[in-house]
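Quick one, structure for this:
(chains A and B)
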Amino acid sequence: MIRIMEVCGTHTMAIARSGLKQLLPPEVRLISGPGCPVCVTSQETVDSVLGLTGLKDAPVITTYGDMLRVPGSVFGDSLLKRRALGADVRVVYSPMDALDIAANEPDRQVVFLGVGFETTAPGTASAVKAARERNVHNFTVLSMLKRLEPSIRALAADPGFRVQGFLCPGHVAVILGEKGMRFFTDDLHFPAVIAGFEPEEIMKALTLLLRDVRNGEAVLRNAYPSVVNPEGNELALELMEQVLEIRDDRWRGMGMIKESGYGLREEYADFDAEKRFGIRAGDPVELPGCLCGEVIKGALEPADCPAFGKGCIPDSPVGPCMVSSEGACAAAWKYSAIKALK
Amino acid sequence: MDDHVTLDHGSGGGKTARLINELILPLIDQGKDGSENALCDGAVLDIPRGDEEGKLVFTTDSFVVDPLFFPGGDIGKLSVCGTVNDLAVMGARPLYLSLSFIIEEGLPLEDLRRIAGSVGETASRAGIRIVTGDTKVVERGRGDGIYINTSGIGVTALDLKPENIVPGDCVIVSGTVGDHGSAVMLSRNPELGIMSDGIGAQLLSDCAPVHREALSLAEGLGKDLRVMRDPTRGGLATTLNEFVEGRKDAGIEIIEKDIPISETVNGICDILGLDPLYCACEGRIVLVTAKEAAGKALEILKKCPGGQNAAIIGHVTEDLPGALIVRTPLGTGRIAAKLSGSQLPRIC
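Numbers count the residues shown, from 1 in each chain, chains lettered A, B, ... in the order given. Here you go, the predicted model:
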């Protein structure tokens, strides 16, 4: 059995939507890794976000739509539920939209939920920078930004980790460049291929990857060269460097991982929601009956989760993997034949 | 007259009468056949008693779209199309419409004028008479500008329903899908900046009455026409699921590459993270016909204005009863379930 991990939630969705797994030989398995930003956000962080809506003079919460249905620790709780009960929660497509909301409503505090990997980090950083330049001081960011590399290193360090190669996330590679993916091969000694998102591009990358796995060659290949260059996006990296600083961070199912997240630099403390609202992630919390942590690590496939399709469906999710548009369980539920056969 | 709707306009007194008589009625005047043009609380109606038109079809729908004006239409046009189309896809000739406005205090009268104008224009295009109506005003903050409810009555001789579908039948759409849903989502997010200068400029809602197409199909195909629907909320995938839901003997398979979707809609959906198969249409028909009648159905649709994109997109199969299967360009199959929760909150 050859196990390949795709580390990007967008890949997970594209693979499910195209039905690509049906074309693979039975001995090749595609496993979803920790690439769904909302899913990897720790439960205590989700709870502290929900807590923000309960404050006196609660701020406007601005967020990508993905976060809305993520369940809180209390059964039935979510931002969507809070909104129905009167909280001011607004979906935005970019942090700049959130900044505009703050600029237009100077009497309200506006918090942007900064979820994502290196892909969304530059946009978040640029909104913080713009907030300072435009003097929009009622705007803050709650940074939940995560870094790819430390999470993969943490996974690979687990003796039970059984994966032979990686399909590298094309979008993260756009920012970090080929050099940001070198650790897969040079340090961890896995074959790795940077892949695009069209089914044909994923197939091509898989073909290259399987050949390298067979030949035992831990080389990095760029099968997405039209947009991924060796050095990455220097402008984006510079922005991140100016505004964000690397810190230890907690992940769902994986616990505290050293240097795995981004917070706002001290110079931008005025725009840091953690500081403005005194947010401290509480003690680690686990959702009862939820095995999302195992799914995120690739240790459990969605269909093998006892809750999948039973207690846990998109309309009444037990955990975030079932509700995020990049979640492995959401992909499996939305696009697989499993439920039709039930 | 004032510039904005006030609570007084909903008092039921003189101001209400003036709003209705001076602003709304002239715009929705349906009295061209010499009948009364003033709306009554209760309308007395003639029911045609032709040989083949035996049954009444009655439908109602409420419209809460945000924004009120979107590329290709507005809430007024939508409120007529929605109900006319619900009648039309039952094979019914649309006859009478009721029209109720729930207006939020502060709505600019100019907006109301535009909306009522659209209502009138669309109703006359669809050949449906507005025969009764109501106007209420709610306090500021209690509504999003305006909500509209319309109910419609039509007559039909047909009994179109999903139960008529049998394996082997063909599935057809009358045009590109997803235009309305993506246009509304885009106009709700002008900050994306692709609205005016980029691809967004080409994106219009498909909002339109489909009674002509529907009646031509009903007339031309007879018993070979199994069922028609306008794939509004939940889009094409949800409608097709509803056709075979619970069936033990029939499922539907559609061929992804045969589904007409404009490049613009595909692009916008990519950016917004939407699936065009789940985006609402407001001027399309999805229909199932007997296999041998599919070519004729296509011919009929292509002859109608705007029908050049009509396409056979799949067939009814025994393979996976009760389910909708999408055959991808890779040749793989996937199940497309009904929309769960809302992909697009409040688009119609």
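
what's the single longest helix in the chain?
By default, I'm working from chain A. When chain A is parsed with DSSP state H, its longest helix is helix A:199-215.

wait, chain B
Longest helix in chain B, counting by DSSP H: helix B:109-126.

what is the mean pLDDT for the very next helix or strand once past that one?
The helix or strand immediately downstream of helix B:109-126 is strand B:129-138, counting by DSSP states H and E. Averaged over strand B:129-138, pLDDT sits at 93.

Against which helices or strands is whatever helix or strand comes next after strand B:129-138 packed?
Per DSSP H and E, the first helix or strand lying C-terminal to strand B:129-138 is strand B:146-156. Judged by 3 or more CB pairs under 8 Å, 6 or more residues apart in numbering or on different chains; DSSP states H and E, the packing partners of strand B:146-156 are strand B:55-63, helix B:75-88, strand B:93-104, helix B:109-126. Just so you know, the C-beta spots here come from the backbone N, C-alpha and C atoms, and that holds for glycine as well.

looking at those, which is buried most?
helix B:75-88 (a mean of 29; mean count of other CB atoms under 10 Å in any protein chain shown).

now that helix: mean pLDDT?
97.

Distance of the closest residue to chain B within the stretch 1-150 of chain A relative to A:Glu241?
Ranked by CB to the nearest CB, the top residue of the stretch 1-150 of chain A for proximity to chain B is A:Gly19, at 2.9 Å. A:Gly19 sits 41 Å away from A:Glu241, going by CB to CB, to the nearest Å.

So for those two, which residue has more residues nearby?
Shown here are A:Gly19 and A:Glu241; by other CB atoms under 10 Å in any protein chain shown, A:Gly19 has more neighbours (24 against 11).

okay, now the closest residue to that one other than its chain neighbours: neighbour count?
If the residues on either side of it in the chain are set aside, A:Gly19 comes closest to B:Thr332, at 2.9 Å by CB to CB, 6 or more residues apart in numbering or on different chains. Neighbours of B:Thr332 under the rule other CB under 10 Å: 17.

again, but for A:Ser42
23.

List the beta-bridge partners for B:His315.
Residues in a beta bridge with B:His315, per DSSP bridges, are B:Cys170, B:Glu253.

Report the contact partners of it.
B:His315 makes contacts with B:168-171, B:252-253, B:291, as judged by CB atoms under 8 Å, 6 or more residues apart in numbering or on different chains.

let's see 7 Å
Shown in contact with B:His315 (CB atoms under 7 Å, 6 or more residues apart in numbering or on different chains): B:168-171, B:253.

Compare those residues and tell me which is most surrounded.
Within these, most neighbours by other CB under 10 Å means B:Val171, with 27 neighbours.

now the residue nearest to A:Gly19: how far from A:Gly311?
Distance from B:Thr332 to A:Gly311, by CB to CB: 29 Å.

Would you state the helices of the stretch 201-348 of chain B in chain order?
Secondary structure of the stretch 201-348 of chain B, counting by DSSP state H, counting those that start in this stretch: helices at B:211-221, B:235-244, B:263-272, B:294-303.

Please list all residues in contact with the residue in the stretch 201-348 of chain B that chain A sits nearest to.
With CB to the nearest CB, the shortest gap between the stretch 201-348 of chain B and chain A falls at B:Thr332, namely 2.9 Å. The neighbours of B:Thr332, taking CB under 7 Å, 6+ apart as the test, are A:18-20, A:22-23.

how far away is it from B:Lys303?
Taken as CB to CB, the span from B:Thr332 to B:Lys303 is 36 Å.

Likewise for A:Leu167?
49 Å.

who's more crowded, these two?
A count of neighbours by other CB under 10 Å puts A:Leu167 above the other of A:Leu167 and B:Lys303, at 27 against 13.

Kindly report the domain assignment for the chain.
I went with chain A, as the question did not name one. A:2-35+A:156-222, A:39-147+A:233-276, A:291-336 (automatic domain parsing).

wait, I meant chain B there
As given by automatic domain parsing, the domain ranges for chain B are B:7-156, B:162-335.

got the residues of the stretch 101-250 of chain A near chain B?
Within the stretch 101-250 of chain A, the positions lying close to chain B (CB under 7 Å from any CB of the partner chain) are A:Pro199.

Mind jotting down where the helices sit in the stretch 101-250 of chain A?
Under DSSP H, counting those that start in this stretch, the stretch 101-250 of chain A gives helices at A:121-133, A:148-156, A:170-176, A:182-186, A:199-215, A:234-243.

winner for burial among the ones you listed?
Between these, helix A:170-176 has the highest mean count of neighbours, a mean of 24, where neighbours are mean count of other CB under 10 Å.

Tell me the span between the first and last residue of stretch B:289-308.
End-to-end span of stretch B:289-308 (CA to CA, to the nearest Å): 19 Å.

Check which residues of that stretch are buried.
For stretch B:289-308, the neighbour count (16 or more other CB atoms under 10 Å in any protein chain shown) marks B:289-290, B:293-294, B:296-298, B:300-301, B:304, B:306-307 as buried.

same check, this time on stretch A:79-95
Counting neighbours by 16+ other CB under 10 Å, one finds that the buried residues in stretch A:79-95 are A:79-83, A:87-89, A:91-95.

Show residues contacting it.
Stretch A:79-95 has contacts (CB under 7 Å, 6+ apart) with A:50, A:53, A:58, A:60-63, A:65, A:67-69, A:98, A:101, A:112, A:114, A:123-124, A:127, B:189, B:192.

how does it look with 6 Å?
For stretch A:79-95, the external contacting residues (CB atoms under 6 Å, 6 or more residues apart in numbering or on different chains) are A:53, A:60-62, A:65, A:68-69, A:98, A:112, A:123-124, A:127, B:189.

now for the longest helix of chain A, which elements pack on it?
If contacts are counted by 3 or more CB pairs under 6 Å, 6 or more residues apart in numbering or on different chains; DSSP states H and E, helix A:199-215 sits against strand A:165-169, strand A:192-195.

would you put the C-alpha positions of the longest one in PDB?
These are the backbone C-alpha positions of strand A:165-169, laid out as PDB (Å, rounded to 0.1, in the frame of the first residue of the first chain):
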ATOM      1  CA  GLY A 165       5.100  10.900  -0.300                       C
ATOM      2  CA  PHE A 166       3.600  14.400  -0.300                       C
ATOM      3  CA  LEU A 167       1.500  16.300  -2.700                       C
ATOM      4  CA  CYS A 168       2.700  19.800  -1.800                       C
ATOM      5  CA  PRO A 169       0.200  22.700  -1.500                       C
END
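
quick one: contacts of it?
Here strand A:165-169 has contacts from A:4-8, A:181, A:184, A:190-192, A:194-195, A:205, A:209, A:213, using CB under 6 Å, 6+ apart.

Next: stretch A:23-32.
Contact with stretch A:23-32 is made by A:1-5, A:12, A:21, A:298, A:328, as judged by CB under 6 Å, 6+ apart.

Export the helices of the stretch 101-250 of chain A as TSV, with columns for distance to B:Gly117.
Output for the helices of the stretch 101-250 of chain A, formatted as TSV (distance: least, CB to CB, whole Å):
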stretch	distance to B:Gly117
helix A:121-133	41
helix A:148-156	55
helix A:170-176	46
helix A:182-186	62
helix A:199-215	47
helix A:234-243	48
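
got the contact list for the nearest residue to B:Asp169 once chain neighbours are set aside?
With sequence-adjacent residues excluded and distances taken as CB to CB, 6+ apart, B:Asp169 is closest to B:Val316, at 4.2 Å. Counting by CB under 6 Å, 6+ apart, B:Val316 makes contact with B:165, B:167, B:169, B:250, B:252.

how about CSV for those residues, with distance to B:Asp3 and pLDDT added?
Shown next, in CSV, are those (distance: CB to CB, whole Å; pLDDT from 0 to 100):
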residue, distance to B:Asp3, pLDDT
B:Ile165, 53, 97
B:Pro167, 60, 97
B:Asp169, 55, 98
B:Ala250, 57, 96
B:Ile252, 52, 97
